[in-house]
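J.: Any chance you can model this:
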Amino acid sequence: MKRFLKYFGLIIVFFQTSCEEVVTVDLEKSEPRLVIEASIIWQKGTTGSNQVIRLSQTSAFYQEEIEGVGNAEVLISSENGDTFRFEHAEAGIYMNNNFRPELNRRYYLEVIHENEIYTASEVLIPVTKIDYIEQTQGGGFSGEDIEIKAYYTDPAGEENYYLFKFSNENINLEFYEDEFTDGNQIFGYYSTEDIEPGDLVEIELQGISRNYYEYLFILRSQIGSNDGGPFETMPATVKGNISNQTNGEKYPFGYFRLSEMDYTSYTVE
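T.: Now for the predicted structure:
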């Protein structure tokens with residue numbers, strides 16, 4: 001069982017002395033690329049009708065604000081012929097309030113932006129339920145941090161992949177596959193020195209496809225191999241499953257996937 005412990009954002013710290021000058025490095029600029037964040041999540045016990053897709057563009061290194069893309073057409077269709085149009089609301093956020101999710105059904109994404117067509121397809125992956133939450137005291141490097149374990153039972157005889165999302169002040173992601181745990185009761189694990197009694201931890205368990213699992217695995221490997229400092233270029237570009245049908249060289253970033261999700265929350269004791 002492989003786990004994705006955490007996604008770490010890029011942190012750049014400048015140690016300053018009493019007399020200093022801010023230096024801006026002249027970095028090579030590349031043409032902005034479209035970023036498509038198309039995660040369709042269906043929470044158990046809900047209709048799953050309200051869904052959101054986000055479009056943005058890559059920005060320059062020193063630009064902190066994310067530029068939303070508002071002049072695109074966004075559609076999802078299913079293999080049985082249903083079509084769902086996502087309307088732009090604000091700042092690159094596209095919404096649909098009439099989506100009809102069906103487990104194990106294949107769906108097709110189409111985004112049209114500046115006369116270019118971007119497409120992808122995925123199946124809506126089901127997920128087992130969260131059985132219960134357990135709190136222990138033995139995590140972290142100190143061996144004394146609070147641990148939160150979310151137990152679930154893996155269906156026997158199936159190839160399954162999972163994504164856990166633990167939300168407290170920050171978001172922690174872990175992903176699993178069941179090659180060595182098929183049919184067993186196992187757990188997703190969350191521990192950080194920042195957890196304190198009284199904190200509320202929100203927990204999501206999502207079913208994901210093998211392709212998305214492998215995408216996350218490669219993404220983690222790329223982040224983990226960046227040992228040359230914050231200005232080092234990543235060894236390779238991590239591409240998602242969305243392709244540009246008009247101009248293959250101008251591929252987008254992001255991923256299209258559909259997941260059933262079970263949710264619970266836990267108050268730390």
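J.: hmm, which helix or strand of this structure has the shakiest average pLDDT?
T.: For the chain, counting by mean pLDDT, DSSP states H and E, helix 210-224 ranks last in confidence among helices and strands (a mean of 87).
J.: Packing partners of that one?
T.: For helix 210-224, the elements it packs on are strand 161-167, strand 171-177, strand 253-267, judged by 3 or more C-beta pairs under 8 Å, 6 or more residues apart in numbering; DSSP states H and E. All C-beta atoms are positioned from the backbone trio N, CA, C, and that covers glycine.
J.: Show me the shaky parts of the chain.
T.: Applying pLDDT under 70 to the chain flags residues 1-30, 60-64, 139-143, 223-236.
J.: can you tell me the helix or strand for the closest residue to Ile125 other than its chain neighbours?
T.: In space, and not counting its chain neighbours, Ile125 is closest to Gly207: 3.9 Å by C-beta to C-beta, 6 or more residues apart in numbering. Following DSSP states H and E, the helix or strand that holds Gly207 is strand 200-208.
J.: gap between that strand and the chain center?
T.: 12 Å (C-alpha atoms, centre = their mean, to the nearest Å).
J.: Sheet-wise, list the partners of that strand with their directions.
T.: According to DSSP bridges, strand 200-208 forms sheet pairs with strand 161-167 (antiparallel), strand 253-267 (antiparallel).
J.: Now these in TSV, please, with extra columns for mean neighbour count and distance to Glu90.
T.: Formatted as TSV, these follow (neighbours: other C-beta atoms under 10 Å; distance: least, C-beta to C-beta, whole Å):
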stretch	mean neighbour count	distance to Glu90
strand 161-167	21	23
strand 253-267	20	19
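J.: any chance of the ones you listed in a markdown table, with distance to Tyr118 too?
T.: Output for the strands paired with strand 200-208, formatted as a markdown table (distance: least, C-beta to C-beta, whole Å):
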| stretch | distance to Tyr118 |
| --- | --- |
| strand 161-167 | 23 |
| strand 253-267 | 9 |
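J.: Might you calculate how far stretch 37-50 sits from the centre of the chain?
T.: Put simply, stretch 37-50 sits 14 Å off its chain's centre (C-alpha atoms, centre = their mean).
J.: Might one say that Leu258 is in contact with Tyr107?
T.: Yes. Counting by C-beta atoms under 8 Å, Leu258 does reach Tyr107; the two are 5.8 Å apart.
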